[in-house]
Every structure is written in structure tokens, then in C-alpha cells.
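J.: sequence first, predicted coordinates after that:
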Amino acid sequence: MVINTDICILGGGIMGLATAYSISKASDSKILLLDRYGIGNDYCSSNDVNRVFRYSYGNDEHYTRMAVESLKLWKNLEEESGQKLLLPTGLLMLQGEDQDANGFNEASYRTLSRLKLEAEQLEAEELEKRFPQFRADKGFFDPHGGVLLASKALYALSSLTQKHGVTVRKGQATRLIFGEHPSIETAAGEIVRFDKLVLTIGPWSNTLLSPRLTSMVSTRQQLVYFKPQKNLDLFRPRTCPVFFTDKHYGLPTAGIDGVKVSPKELNDPVDPENANRSVDNEQIVACRDVCRRFVPDLADGELVHTKVCLYDMTENSDFVLDRDPDHPEVVHGYGFSGHGFKFAPLIGRLLSELVLDKEPNFPIENFSADPSRRRPTTVGAHLGKGK
Ligand SMILES: Cc1cc2nc3c(=O)[nH]c(=O)nc-3n(C[C@H](O)[C@H](O)[C@H](O)COP(=O)(O)OP(=O)(O)OC[C@H]3O[C@@H](n4cnc5c(N)ncnc54)[C@H](O)[C@@H]3O)c2cc1C
């Protein structure tokens, strides 16, 4: 069977949906979005209880500015969907023993202060008074931090997108075909002919990526949720910020009665087709140890949920948002390197501008698909370490 569409989007995670949403608002194009496992599947990186929103990006002002822009777009989405998607909690960055992490926290404070974004420095006494859940000699507070209700956002976008006329279907692209009729072939043997194609297939990007383009590696990330032992109310979004410790981060009990704790970075490259999707016991123990040091009430708390999720890492953790240099009708969005969710509405808008041949209204030079035009690896502070 041959299907014709103006724009085909592969991948119905948050990035594909946000792109479909933006295109559908800006044009009358016929849009078909295909996802291999369907919207809200358990394998994609976007379908989880919650995700961190923050302005803090160490010295990297570009991402801070992107977060400022994204916040406005999240608010628009909340308004259009009539749903609360982002809970403002602030981000508390706790100083510990890791010099990279401490450097990131201080640099974030300096950047936010320079941009007049109201960051605060908290000494021990003030820290204990305001946030008795935590133990540290010093902290920095980014008041713009918050919790994105990830799955809820995914379904809200899916429903708005379909309301705007986008066709959303299950389907796996197995091959891209170029020539007189650019098309994709699906696992079911269909041919989808398109004028423009958007590839947002996250950790599976390598399956359809030319080796000439910026490479990515799928890595396995582990998340655990602990129930506080004594005072659950102290850990609700009303009273508890998102937090960073030396090598871990955590989120209050938003969307679940458990506090999420996870390593900021864990290099565990995997093949997304057969990644082990259960959490290792040693990670649970490591998360408990971190809590013993920084958040004592969680250290022996009941383990209420675990999840494994895949990052799509580029070498320098910068995204790829670009047209394909060999096939300009193809637009790539991948390499979100474990920190893309907060920017989803902005990324959707930028990818939509590339598809519709408009000038992107935010600088995207850092996000080239051409490996020779990427920033060096040392710049990265995206996951909360390094300056
Ligand atoms: C554990 C974890 C914690 C994170 N925490 C944060 C955070 O706190 N803050 C933040 O900003 N970001 C965070 N991120 C990053 C963020 O979640 C991701 O950057 C984002 O969800 C990526 O979305 P995506 O749409 O690109 O990919 P995905 O959500 O993975 O979607 C890709 C989709 O493509 C489909 N697909 C694959 N192959 C094909 C094919 N051949 N044909 C059709 N469909 C296909 C899949 O079925 C999948 O649904 C985190 C990520 C993880 C894994």
C-alpha cells in the first residue's frame, strides 16, 4: 500500500509530538506521525512520571536562555490544554564533596545572577530553616526549577496534535528511500511518500542515521523512587524543590508518592533493542547512600517504584537540530542527551521552522548534524557537573 502525505514525522515521543503540534499550528500541511510502539509506550524516553525543569546550566548561557524561552511555551501549552504540566518548586543545588558538581552549582548561580534571574546562595543555617529535608553546608537555589509531569504532557500534546488534524498511527519505519519519490518503508510493508520527513526517534536514531552525521550512543539510566520514612508532606512539590547532590538528582513526590533519585550520569551504552530494563541492586544501594548524606529521611525509605530509561547521548551532550546535509527534505532532532524534555516545546517549534523552510527564531548553530561544526566536548555541563 502507498500512503501520500506532505510531512511524515517518525517518533511519537515528546519531540515528535511537539514538532507535529508546532507544524499543525503554523501550516495546513497534511501530517502523518508514526511511532513504532504507539504514543505513551514504555520503551521511549519521554514516558515517565516526571522530569526536571531548570534554568541552571552552569556557565552555558545558551541553554539557560533556551529554558527561559521554553518556560513561556510550556505555559502556553498549559493554557491551551487546560492542564497543569509544570509544577514550580525551584531547584536546590547542594554543595558536597564533588568539585565538578560544586563548580556547576556556583557557575549556575553566577550565570543566573548575571542574567538577573534571581538565584540565591544559602548558607547552612538558612538552608536548614528553609529546607529541613536536606543536609549540606551550603546550597544555591534556582527559583525557576520545577517538575514537568512528563506522561501527562505527552498525552496532552498528543490530544492537541490530533485535534489540530495530525494523523497519529503505530508504524515502524525500516528504510528511507530517496529519488523521484522520497518515501519510507514500514515494517508492515507500506510505502509512505512524503515531501518532508522529520526523524525524532530518540535512542533508536542510529537505525536510520547516515554514518556521516553526528553520532549518538544509547545509554541505560536507572531511576528509583523512595517513600520518605517520617514526613511525606515535607517532600511534596509545595514544600520540596527539585534537588542536585554531588552525583545524583532528585524530584519531589510529584505524580507519585515517592521521591525520585537517580545518578546524574551513568555511562552504560546499550542496544535499545535488548537493553536490560530492570534496575540493578547496586544502584538502589548507591541511591540510599547518597540520601544518607544529603536527604536522611529517604535513606531507608520504602522503594516504591523503579524504572530504566534510555538517553540518546552525543559526544558533547549538545542536541542535533538540523536539516540533513545530503537530503534537505529530511530534518533531524536527536541526541537530547538526557536533558531535552524541558525544552520540548521550543525544540518542536525549531524543528517545525526547519521543516517549513523558515528561519529558526532561536540560534541553533551549536546543534549541527555535521560533526566538524560541533562544540568541543569539554564545554558540556548539561547534566549538572563541570562548569
Ligand atoms: C531517565 C531519564 C531521565 C531524564 N530526565 C530529564 C530531566 O529531568 N529533564 C529533562 O529536560 N530531560 C530529561 N531526560 C531527557 C528527555 O526525557 C528526553 O530528551 C526526551 O524524552 C527525548 O524525547 P524523544 O521524543 O526524542 O525520544 P523518545 O521519547 O524516546 O521517543 C522516540 C520514539 O521513537 C519511536 N521509534 C523508534 N524507532 C522508530 C521507527 N523506526 N519508526 C517509528 N518510530 C520509531 C519509539 O517508539 C519512541 O516512542 C531524561 C531522560 C531519561 C531517559
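T.: Thanks, I have it. Numbers count the residues shown, from 1 in each chain.

J.: what's across from R193 in the sheet?
T.: N4, S183 (DSSP bridges).

J.: now do the contacts for it.
T.: V2, I3, N4, T5, H181, P182, S183 (CB atoms under 8 Å, 6 or more residues apart in numbering). C-betas here are computed from N, CA, C, even on glycine.

J.: would you turn these into TSV with distance to A26 and pLDDT?
T.: Below are those laid out as TSV (distance: CB to CB, whole Å; pLDDT from 0 to 100):
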residue	distance to A26	pLDDT
V2	27	96
I3	23	97
N4	21	97
T5	17	98
H181	25	92
P182	22	97
S183	24	98
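
J.: most neighbours out of these, which is it?
T.: S183 (23 neighbours; other CB atoms under 10 Å).

J.: quick check: that one vs the ligand, distance?
T.: Separation of S183 from the ligand (CB to the nearest ligand atom, to the nearest Å): 14 Å.

J.: next: E353.
T.: Between E353 and the ligand the distance is 17 Å, computed by CB to the nearest ligand atom.

J.: for the chain, which residues are neighbours of the ligand?
T.: 10-16, 34-37, 41, 43-46, 51-52, 172-173, 200-204, 207, 221, 223, 309-311, 336, 338-342 (CB under 6 Å from any ligand atom).

J.: quick one, which of these are buried?
T.: 10-16, 34-36, 43-46, 51-52, 172-173, 200-204, 221, 223, 309-311, 336, 338-342 (16 or more other CB atoms under 10 Å).

J.: inside helices: which ones of these?
T.: I14, M15, G16 (DSSP state H).

J.: got those as a markdown table, with pLDDT columns?
T.: What follows is these, written out as a markdown table (pLDDT from 0 to 100):
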| residue | pLDDT |
| --- | --- |
| I14 | 98 |
| M15 | 98 |
| G16 | 98 |
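
J.: so which of these comes closest to the ligand?
T.: M15 (3.5 Å; CB to the nearest ligand atom).

J.: quick one: contacts for the closest residue to the closest one other than its chain neighbours?
T.: Nearest residue to M15 in three dimensions, chain neighbours excluded: T200, at 4.1 Å (CB to CB, 6 or more residues apart in numbering). With contact set as CB under 8 Å, 6+ apart, T200 has these partners: I9, L10, G11, G13, M15, G16, T19, G333, Y334, L351.

J.: in the stretch 1-150 of the chain, what residue is nearest the ligand?
T.: G13 (2.2 Å).

J.: contacting residues around that residue?
T.: Counting by CB under 8 Å, 6+ apart, G13 touches D35, C44, S45, S46, N47, L154, T200, G202.

J.: quickly note the distance from the fourth one to F341.
T.: In this case it means S46. Distance, S46 to F341, by CB to CB, to the nearest Å: 7 Å.

J.: what touches both of the two?
T.: Contacts common to S46 and F341, judged by CB under 8 Å, 6+ apart, are I14, A150.

J.: check the burial of E125 by counting its neighbours.
T.: By other CB under 10 Å, neighbour count at E125 equals 8.

J.: could you report the pLDDT at the closest residue to the ligand within the stretch 151-300 of the chain?
T.: At 2.6 Å from the ligand, G202 is the closest residue in the stretch 151-300 of the chain, using CB to the nearest ligand atom. You'll see G202 listed with a pLDDT of 98.

J.: residues contacting it?
T.: Counted by CB under 8 Å, 6+ apart, G202 has contacts G11, G13, M15, C44, S45, S46, L310, D312, Y334, F336.

J.: name the residues of stretch 21-34 that are buried.
T.: Across stretch 21-34, burial judged by 16+ other CB under 10 Å covers Y21, S22, I23, S24, S29, I31, L32, L33, L34.
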